[in-house]
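Peer 1: coords please:
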Amino acid sequence: MLPISARALAALTGAARRPIRADWSNDGGRTWTPVPKVAAAEVQPDRTAECRYSGTAELLGIPLGASGVNAVVTQVRLFQGIQGPRMDVEWIPAGVYVVDRLTRTRYGAKVDLLGREEAVRAAKLPVPRTVGPDAAGPLAETLLSEALPGVPVAWVAGADPGTPVPAFVVEEDRWAALSGGTDTTGVGTGIAAALGAELYADASGIMTVAPVPTLDDPVVWRIPYGLALVEPAEQESAEGLVNLWSVSGDGGDGSAVVGPVYVWDDDPASITYAGPDPVADPLAPQREGLTGVRIRAERYASGLITTIGQAYDVGRARLADSLGIQASLSFTSVCNPALEPGDIVEVEVRPGEWQRHLIDSCPYSLGSATQSCTTRTTTRRVT
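Peer 2: Numbers count the residues shown, from 1 in each chain. Sure thing, here's the model as predicted:
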């Protein structure tokens, strides 16, 4: 969750003003000019999207064209304010964006906004380039700074910028080389993916490399029934469910292959339990009378995985991301602009029944008192 004071957090459920503001910049964010008035704005934080933050805003009283707001170089940042009784406005960042589309209006412009990831995605390499060998930090920061000069890069604990990365060829897709994807042979790419991490621009516009969140992370917000939760809509699906990952480091160039290593759901109390050892002893569940065990396996290979330990890190991250998607919860709550995708919340879905969920998306209109969230949780436990 974004930094927020205890007073502001408490004010969310009371009588609080919710002012909004925006700034624009044409020099990459080195200097910012206040927008005289924001008529309306919506933001869509979504962990499953390539641009973690996107949105729209209607900006009034702004200059347009080459020296004003335009769709070529302008960046826009949004803020949601919270002002409870007898307290100053506390401003919470609501994303830093590039302008994707601009429509002139009578008093200004309506802009469609995409997070700073879009600037990296658009900055494809004009010619193929070999990058590395080097540590993950310098390589990622160089590729990012070419697309976003002066924008800082944050490395969250658990994503090691000192991890060695072998030399590899980037054909043209800068974002795939940084975040993740596959090359023409189907081998995984992406420096962040090879660390078991994810890359995104946070609410302050800082490019961030962070471990994949899991439901074991600390709870940042508890949402009681009847106070902050209205009509929860629960849904389950097995789409994308994987309970056994095979991970290897294979550059496809004839060098020694790392692994494969295997990571699976080894919790007997889990409905997605894969057995005690589904690789070496796949018949064990039958011998133990566990006829409901079902294997859903996937493979992942990347030339950037160079050690067994790194392969296990990637496997655990992929398992965490693929086990909790079949049980989701959509709910409307009091708007908490400090909530971020990847946060862990506890939701009282029915009186006395609390569930721990990971926030996937939490869109809201700036100035609104409510927001809708979509989450995921672990598979239902057998009691």
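
Peer 1: Break down the stretch 1-150 of the chain into its helices, ranges please.
Peer 2: Assigned by DSSP state H, counting those that start in this stretch, the stretch 1-150 of the chain shows helices spanning 6-11, 117-122, 136-147.

Peer 1: cool, the stretch 201-350 of the chain as well?
Peer 2: Along the stretch 201-350 of the chain, counting by DSSP H, counting those that start in this stretch, helices occupy 284-287, 308-323.

Peer 1: quick revisit: I'd like to know which of the helices of the stretch 1-150 of the chain lies nearest to Gln44.
Peer 2: helix 117-122 (13.4 Å; CB to CB). Just so you know, the C-beta spots here come from the backbone N, C-alpha and C atoms, and that holds for glycine as well.

Peer 1: Would you pull up how far the closest one lies from the middle of the chain?
Peer 2: Relative to the chain's own centre, helix 117-122 is displaced by 15 Å; criterion: CA atoms, centre = their mean, to the nearest Å.

Peer 1: For it, buried residues please.
Peer 2: By neighbour count on 16 or more other CB atoms under 10 Å, the buried set for helix 117-122 is Glu117, Glu118, Ala119, Val120, Arg121.

Peer 1: could I get the helices of the stretch 1-150 of the chain as JSON lines with distance to Lys37 and mean pLDDT?
Peer 2: Formatted as JSON lines, the helices of the stretch 1-150 of the chain follow (distance: least, CB to CB, whole Å; pLDDT from 0 to 100):
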{"stretch": "helix 6-11", "distance to Lys37": "23", "mean pLDDT": "90"}
{"stretch": "helix 117-122", "distance to Lys37": "26", "mean pLDDT": "95"}
{"stretch": "helix 136-147", "distance to Lys37": "31", "mean pLDDT": "95"}
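
Peer 1: re earlier: could you single out the nearest of the buried residues of helix 117-122 to Arg174?
Peer 2: For the buried residues of helix 117-122, the minimum distance to Arg174 (CB to CB) is 5.9 Å, reached by Val120.

Peer 1: right, and that closest one touches Asp173 too?
Peer 2: No. Using CB atoms under 8 Å as the test, Val120 is too far from Asp173 to be in contact (10.0 Å).

Peer 1: And the strands in the stretch 151-300 of the chain?
Peer 2: 153-155, 164-165, 168-170, 181-182, 188-189, 197-201, 207-211, 219-223, 230-236, 244-249, 258-264, 297-301 (DSSP state E, counting those that start in this stretch).

Peer 1: what sits against Ile308?
Peer 2: Counting by CB atoms under 8 Å, 6 or more residues apart in numbering, Ile308 touches Val258, Gly259, Val261.

Peer 1: which among these gets closest to Glu340?
Peer 2: Using CB to CB, those come closest to Glu340 at Val261, 30.8 Å.

Peer 1: Show me what counts as buried in stretch 120-129.
Peer 2: Val120, Arg121.

Peer 1: what's the span of that stretch, first residue to last?
Peer 2: 16 Å (CA to CA, to the nearest Å).

Peer 1: what's in contact with it?
Peer 2: 50, 143-144, 146-148, 169-175, 178, 207.

Peer 1: so which of the strands of the stretch 151-300 of the chain gets nearest Ala135?
Peer 2: strand 164-165 (6.2 Å).

Peer 1: May I have the strands that pair with that closest one, each with its orientation?
Peer 2: The strands that strand 164-165 pairs with in its sheet are strand 134-135 (antiparallel) (by DSSP bridges).

Peer 1: Let's test this: mean pLDDT of the partner strand, rounded?
Peer 2: What strand 134-135 shows for mean pLDDT is 94.
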